[in-house]
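> Here's a sequence, model it:
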Amino acid sequence: MSKRSVLALAVAGAALLSSAAQAQDTIRVGWTIPAEESKYWMMRRPDQFEGLGKTYKIEWTQFQGTAAKGGLRKLFSLADQQANIVHILEVCRKEFVDKNPELVKSYVRGLTAGMKQAIANRAETLKVVNEVIKAPVEVLDTYLLKPNDFAREPGAAPNFAGIQTMFDIYAETGMIKQKLDAAQFRHASIVAPLE
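Presented below is the predicted three-dimensional model:
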C-alpha cells in the first residue's frame, strides 16, 4: 500500500525547498551544503542508525546550496549581519505527520543521532563529508567543526530564535514579501533532538 506525501523542506539561508515521499516506508529528503553532517552520516553510514534501511528508507535528493570550491577573495561575511546565519530546518506537510508520526519520529531520531556522531567523531566526520561533497579531507580539516565553521546545534535541534531573526531580516530587506513566524514550523511533539 503506497502513500504520497512530503517530508523534506529545508531552510538553508533563503532556500525553502520540499520533496515528496513515494511510499509509506520511504522518505524523500532534500540535502544541501553546508552544515548537513547529520544527513551525510545517514547517507554514508546507514548501519549506524536504528531502523534506517530496515523499517524505513530514505531517497536522497541534493539541492543546490553553495559552490563548496573556495579560491575566492572575501568581501564581506553574512555573519556581519547575523551570527550563526546558516539554519537548516526539516519540515513536512502536517497531514503526512498526522498519518505517519512513527515514521517521522524515526527520521528525526536519525538526525539527532547523526549530529551527535558528527560532533563526537570529527575524524570520521571528515571522511563522511569527503565522501559526500568530494572535498579533500585536508581542506575540510582547516574548518569543519572548528570555531571558524558554522555552528551546529546539539542533537540537530532547530534554532527557532535564530531562524526567526533570519526571517525578520529577509522581510526587512525585501527578500520575502511578508513576515514569517518560525514557530509555525514547530511540531508539538516531533522536533529534534529526539531519542
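
> looking at the chain, which helix or strand is least sure?
strand 5-12 (a mean of 28; mean pLDDT, DSSP states H and E).

> what about stretch 137-146, start to end distance?
Using Cα to Cα, to the nearest Å, the end-to-end distance of stretch 137-146 comes to 14 Å.

> Find the nearest non-adjacent residue to A113, please.
What sits nearest to A113 in space, not counting adjacent residues and going by Cβ to Cβ, 6 or more residues apart in numbering, is F49, at 6.0 Å. (Glycine included, C-beta is placed from N, CA and C.)

> Now for M42: which residues touch it?
Residues in contact with M42 (Cβ atoms under 8 Å, 6 or more residues apart in numbering) are 49, 52, 58, 110-111, 114.

> change it to 6 Å
Counting by Cβ atoms under 6 Å, 6 or more residues apart in numbering, M42 touches 49, 110, 114.

> before we move on, back to that, wait, the residue nearest to A113 touches T112, no?
No: F49 is beyond contact range of T112, at 10.1 Å (criterion: Cβ atoms under 6 Å).

> quick one on the thing from earlier: among the contacts of M42, which lie within helices?
Counted as lying in helices by DSSP state H, out of the contacts of M42, are 110, 114.

> and which of the contacts of M42 is nearest to Y170?
Nearest to Y170, judged by Cβ to Cβ, of the contacts of M42 is G114 at 27.7 Å.

> The closest one contacts Y40, doesn't it?
No: using Cβ under 6 Å, G114 makes no contact with Y40, being 7.7 Å away.

> Quick check: neighbours shared by these two?
Common contact partners of G114 and Y40 (Cβ under 6 Å, 6+ apart): none.

> So between those two, which is more surrounded?
G114 (27 against 21; other Cβ atoms under 10 Å).
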